[in-house]
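*Asks:* sequence plus the predicted model coming up.
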Amino acid sequence: MALIEVKVPDIGDFADVSVIEVLVKVGDTVKTEQSLITVESDKASMEIPCSANGVVKELKVKLGDKVHEGSVVLMLEAGASAPAPSPAKPASAPMPSPTPSPSAPLVSSGSSLIEVKVPDIGDFKDVSVIELLVKPGDSIQIDQSLITIESDKASMEIPSSAAGVLKELRVKIGDKVNIGDFIAVVQGSASVAAVPKDSSQTNAPTVNASSASSPVNSGAPVPSTPINAQGTGAMPSHQPGTVLSASVSVPHASPSVRKFARELGIPLEEVKGSGLKGRITHEDVQAFNRSVMQGAISTKAQQSKGGTTGSSSGAALGLLPWPVVDFAKFGPIERKPMSRIKKISGANLHRNWVMIPHVTNHDDADITELEAFRVLTNKENEKSGVKVTMLAFLIKACVASLKKFPEFNSSLDGDDLVYKSYYNIGFAADTPNGLMVPVIKNADTKGVLQISQEMGELAKKARDGKLSPAEMSGATFTISSLGGIGGRYFNPIINAPEVSILGVCKSTMQPVWNGKEFAPRLMLPLSLSWDHRVIDGAAAARFNAYLGQILSDFRRVLL
């Protein structure tokens, strides 16, 4: 096995850029084009890819180091046939030359409407606009950043080629742009280099990483022709240290971190960075997400909507503002803060109700014989101290139904459906502090007596506030039982990432036609809510019907 030096490829005419993230560690197996480090200049952050496959043996850089083209990033153990780290494909678009061509004098086009185009951003197509840094009416300077675009490997700011007043922005967030696309109209003057009359010079291609081995790029900066008032030519001169608009606050994060935050729905501008110079890392985003989910903090969007309480403005959903009422003028009031459990469960229930397309099927199950068997079982096991409840039988019946209809025991993960081969059943427990959901793990391996005993222990822990997070996680299906409180049917809210939940109410004695006469039967109301993205109405009806058959004749669980 040979050791290979992996070097920084051509990153444009920039020297001594800072290492702001190290994305691999010694011992990691890496592949060609996998990102190794993130570097940052004044205008762009970019990820440096690997030029070979192998195992990282030694890191030659650390956070805060300055690197340039040719700097050794790491030592890689690869096979003898591994590609040499010769001119590598750039991790991002080459950055513009810091000075215009010395032979091209600056001219002014006068006060007029100037169309600003996307300059040469390297060999990239259809890059996304992720930020708008100015708005119509703003006074802008030459080289002031207008928009931020992002490819798979780099984010970069597109500067203005003219000074004046921004009259029109022709792009919006999410648009795809390419070299030469119009992005703005500026009323003012453009400072540009005169275009040479020699057409062979005018049409000369921009030198990028693909020609890194050419003597032209052997050390001296490659001159580029700035964009002119008509939008032709290469990228404009790009002075470091351009000041953005005072109102602009761009989160300090790499493209991969931005993508990760977008996938989680995390507002990056609210995350405090722990990296170099306040850089936001993957760990910062994960920690922020955990804090929000645990209710320790709330986002500005949540605060503006009043969290999960009645003060929600509804503006995000296009609803009328929540009414603000001085309740005290109508009579005596008492204000109490919501418990932490209610805040956390309320936020989760709100999200699940809004994001999951709920449908609920209602049905009745004949539990006459099962209830008689339950009463008899409790009499026979009176000395054991374990009281068997109908919920324990329901858990076993639901396991049998989940095995027959596995989509009810699945979860959505992006575009994939994850089918689980284990059966962890959660049950909603009413406590003085709010709703909690303990979980019976591996319920398919346990008998009714064992489930009853474990339920009693978990319910007591819930009431005492001693349930651990592990005892409330991992459920694949949940039962919400109102027991003997009353009611007929209700619409239980699915507990994401599960795709279904069963609600049960108080059983009642009803006259049921048996083919010859009406006979008194004990009927249990069932309310099955399901995620319509995963389950259709026919499957839900079959699930409820099968569950009712098991409850009416419990011997079916043995089949």
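*Replies:* In hand now; what should we look at? Numbers count the residues shown, from 1 in each chain.

*Asks:* which ones are touching the closest residue to Gly54 other than its chain neighbours?
*Replies:* Of all residues not flanking Gly54 in the chain, Ala78 sits nearest, at 3.4 Å (C-beta to C-beta, 6 or more residues apart in numbering). C-beta coordinates here come from the backbone N, C-alpha and C atoms, glycine included. Contact analysis of Ala78 by C-beta atoms under 8 Å, 6 or more residues apart in numbering lists Met1, Ala2, Leu3, Ile4, Ala52, Asn53, Gly54, Val55.

*Asks:* could you turn the buried ones of the residues you listed into a ChimeraX selection?
*Replies:* Selection of the buried residues among the contacts of Ala78 in ChimeraX, burial being defined by 16 or more other C-beta atoms under 10 Å:
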select :4,52,53,54
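
*Asks:* gap between the helix or strand where Leu394 lies and the chain center?
*Replies:* Using DSSP states H and E, Leu394 sits within helix 390-404. On the basis of C-alpha atoms, centre = their mean, to the nearest Å, helix 390-404 sits 34 Å off its chain's mean C-alpha point.

*Asks:* buried residues of it, list them for me.
*Replies:* For helix 390-404, by 16+ other C-beta under 10 Å, it's 390-402.

*Asks:* next helix or strand past it?
*Replies:* strand 410-413.

*Asks:* elements contacting the helix or strand that comes right after that following strand?
*Replies:* Once strand 410-413 ends, the next helix or strand along the chain (criterion: DSSP H and E) is strand 416-419. Here strand 416-419 touches strand 410-413, going by 3 or more C-beta pairs under 8 Å, 6 or more residues apart in numbering; DSSP states H and E.

*Asks:* Ala52 against Ile4, yeah?
*Replies:* Yes: contact criterion C-beta atoms under 8 Å: Ala52 and Ile4 qualify, at 5.5 Å.

*Asks:* and the residue most central in space within the chain, how far from Thr299?
*Replies:* In the chain, the centroid-proximal residue (C-alpha atoms, centre = their mean) is Leu264; its distance is 1.6 Å. Distance, Leu264 to Thr299, by C-beta to C-beta, to the nearest Å: 12 Å.

*Asks:* for Trp530, helix, strand, or coil?
*Replies:* Assigned with DSSP: H, G, I helix; E, B strand; the rest coil, Trp530 falls in the strand class.

*Asks:* and the gap between it and Val499?
*Replies:* From Trp530 to Val499 the distance is 6 Å (C-beta to C-beta).

*Asks:* need the overlap of contacts for the two.
*Replies:* Phe408.

*Asks:* neighbour count: the two, which is higher?
*Replies:* Trp530 (27 against 24; other C-beta atoms under 10 Å).

*Asks:* which residue, other than its chain neighbours, is closest to the more buried one?
*Replies:* Counting by C-beta to C-beta, 6+ apart, the residue nearest Trp530 is Ser500, at 4.4 Å.

*Asks:* hang on, the one you found packs against Leu528?
*Replies:* Yes: using C-beta under 8 Å, Ser500 and Leu528 qualify as a contacting pair, with a distance of 6.6 Å.

*Asks:* mutual contacts of those two, please.
*Replies:* Here Ser500 and Leu528 have Ala540, Phe543 as joint contacts, going by C-beta under 8 Å, 6+ apart.

*Asks:* just the strands from the stretch 251-400 of the chain, written as ranges.
*Replies:* Taking DSSP state E, counting those that start in this stretch as the test, the strands found in the stretch 251-400 of the chain are 358-366.

*Asks:* helices along that one, start to end?
*Replies:* Remark: helices assigned in the stretch 251-400 of the chain by DSSP state H, counting those that start in this stretch are 255-264, 282-293, 300-304, 340-355, 368-380, 390-404.

*Asks:* Ser500 and Leu528: who's more crowded?
*Replies:* Taking neighbours as other C-beta under 10 Å, Ser500 and Leu528 compare with Ser500 leading, 27 against 23.

*Asks:* still on that earlier bit, which one of the helices of the stretch 251-400 of the chain is the most hemmed in?
*Replies:* helix 390-404 (a mean of 22; mean count of other C-beta atoms under 10 Å).

*Asks:* got a list of contacts for that one?
*Replies:* 367, 370-371, 374, 408-409, 423, 425, 427, 440, 443-444, 448, 451-452, 455, 476-477, 479, 481, 483, 502, 504, 507, 524, 543, 546-547, 550-551, 554, 556-557.

*Asks:* so it versus strand 358-366, what angle?
*Replies:* 120 degrees (axes from the mean of the first three to the mean of the last three C-alpha atoms, to 10 degrees).

*Asks:* average model confidence for helix 390-404?
*Replies:* Averaged over helix 390-404, pLDDT sits at 96.

*Asks:* same question, stretch 300-309
*Replies:* Per-residue scores along stretch 300-309 average to 56.

*Asks:* use 808 as the first number from now on
*Replies:* Okay, residue one is now 808; in that scheme the one you just asked about reads as stretch 1107-1116.

*Asks:* could you pull out the buried residues of stretch 1234-1243?
*Replies:* Phe1234, Ala1235, Ala1236, Asp1237, Thr1238, Gly1241, Leu1242, Met1243.

*Asks:* so what pLDDT did the last one get?
*Replies:* Spelled out, that is Met1243. The model's pLDDT for Met1243 equals 87.

*Asks:* and the nearest residue to it once chain neighbours are set aside, what is it in contact with?
*Replies:* Excluding the flanking residues, the one nearest Met1243 by C-beta to C-beta, 6+ apart is Ala1269, at 4.5 Å. Applying C-beta under 8 Å, 6+ apart to Ala1269 gives the contacts Ala1236, Thr1238, Met1243, Pro1245.

*Asks:* what about the strand or helix carrying Ala1269, distance to the chain center?
*Replies:* Remark: Ala1269 resides in helix 1255-1271, with elements defined by DSSP H and E. Offset of helix 1255-1271 from its chain centre (C-alpha atoms, centre = their mean): 35 Å.

*Asks:* any idea of the mean pLDDT for it?
*Replies:* 93.

*Asks:* show me the strands in the stretch 1208-1357 of the chain, by range?
*Replies:* For the stretch 1208-1357 of the chain, the strands defined by DSSP E, counting those that start in this stretch occupy 1217-1220, 1223-1226, 1232-1234, 1236-1238, 1241-1243, 1246-1247, 1284-1288, 1307-1311, 1315-1320, 1325-1338.

*Asks:* got CSV for these, with distance to Phe931 too?
*Replies:* Output for the strands of the stretch 1208-1357 of the chain, formatted as CSV (distance: least, C-beta to C-beta, whole Å):
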stretch, distance to Phe931
strand 1217-1220, 30
strand 1223-1226, 29
strand 1232-1234, 48
strand 1236-1238, 54
strand 1241-1243, 50
strand 1246-1247, 48
strand 1284-1288, 47
strand 1307-1311, 44
strand 1315-1320, 68
strand 1325-1338, 39
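
*Asks:* report the two of the buried residues of stretch 1234-1243 separated the most.
*Replies:* Phe1234 and Gly1241 (15.2 Å; C-beta to C-beta).

*Asks:* ok so, going back, ok, which pair from the contacts of Ala885 is furthest apart?
*Replies:* The most widely separated members of those, counting by C-beta to C-beta, are Leu810 and Asn860 (13.6 Å).

*Asks:* ok, and what's touching stretch 1296-1305?
*Replies:* 1155-1156, 1158-1160, 1162-1163, 1165, 1167, 1169, 1218-1220, 1233, 1244, 1282-1285, 1287, 1289, 1307-1310, 1312, 1332, 1334, 1336-1338.

*Asks:* show the buried residues in these.
*Replies:* Using 16+ other C-beta under 10 Å, the buried ones in the contacts of stretch 1296-1305 are 1155-1156, 1159, 1163, 1165, 1167, 1218-1219, 1233, 1244, 1282-1285, 1287, 1289, 1307-1310, 1312, 1332, 1334, 1336-1338.
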